[in-house]
Every structure is written in structure tokens, then in C-alpha cells.
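>>> Fold the stuff below for me.
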Amino acid sequence: MSTLATCLWFDGRAEDAMNFYLKLFPNSRVVDLMHWGETGPGTPGSLLMARLEIEGMSLQLLNGGPHYQLSPAVSLSLECEDQVEIDRLWGQLLDAGGTPMQCGWITDPFGLSWQIVPRQLPALLRDPDPAAAARVMHAMFGMVKFEIEPLLQAHRGV
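Predicted structure coming up:
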């Protein structure tokens, strides 16, 4: 059976990104490493590609050069169990030089955009009561980092 992985393009920083992601996610591992040989445009022996598994997702990190850059048009979305997990991930991304954006999005220091989302948010937004769902949506658009309790309060109409 074929395997599917997201490939992320870096300009010489794939190894730094790999090490950062392995520290950020305890449930991660290196699956494979490939290094530049004598014939490639990269420095012989330097990292060409790393294949990682992070929280069950297969990722390839490619040192492809300056031709392309990551953008928020592609992001990795992570549903978090609780506020502690949101705060930990958000804080580590921010402390490493990440740039926060609206609605739980943050760009890491390598240019990759992440969505750090409470697991309950999709259910709150799908509530059959349109007024409750609208309150949650309004609260969500007012946030940078998600805070679960204010979202729950908006849902309840508090």
C-alpha cells in the first residue's frame, strides 16, 4: 500500500526544525534521515531530508533551498485536550520566536503555521442552536490564543 506524507520545504533549516518538533511533541520520532552526497547541490553530509512521525502524522522535512517558502496557506492543525496542553504548545512556539495570529494560529520560527485548537471547539461551532454557535464564533474571532473557558461561557450565553 502507498504511504502519504506532507513534505515541508526549508532553506537549510530542516535539521533545526526537526530537533525543535521532536522536543515540542513527546509523541514523535525520526523514521528516516537522508543526507546530501557528493553530487548534490547541498553540502556533502548535511541533512537533505528527514522523515518524522509526530502525533501519528507522517512529515518530511526537506532542505530544498531558497526557491520556496512556507506560508499560512498550509498549516498543521492540532486539537488539544485541555487548556494546559494549549498553553504549553503555544508558549513553546512563542518562546522559540513564533508569531501569533488570530483564532489559534501561530507561525513557528521556521515559517510553519500551526493551529492550536481546543478539541471541543468544532462541536461548539456545530451546535444546533444557531445563537449558541454564533456566540462561540464571535468569541473565537476575538481571540489570538484559544482560551477554553471563555469559549464555553460564550456557548452558554454567560
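
>>> Identify the spatial nearest neighbour of residue 31, chain neighbours not counted.
In this structure, residue 31 finds its nearest non-sequential neighbour in residue 51, 4.3 Å apart by Cβ to Cβ, 6 or more residues apart in numbering. Any C-beta I mention is one placed from the backbone N, CA and C, and that applies to glycine too.

>>> For the one you found, give the beta-bridge partners.
Taking DSSP bridges, one finds residue 32, residue 60 as the beta-bridge partners of residue 51.

>>> Now do it: how many residues are near it, please.
19 (other Cβ atoms under 10 Å).

>>> The chain - how does it break down into domains?
The chain breaks down by automatic domain parsing into domains covering 1-68, 70-158.

>>> check contacts around the residue nearest to residue 31.
Residue 51 is in contact with 5, 30, 31, 32, 33, 58, 59, 60, counting by Cβ atoms under 8 Å, 6 or more residues apart in numbering.

>>> switch to 6 Å and redo it
Counting by Cβ atoms under 6 Å, 6 or more residues apart in numbering, residue 51 touches 31, 32, 60.

>>> State the pLDDT value of it.
pLDDT, residue 51: 97.
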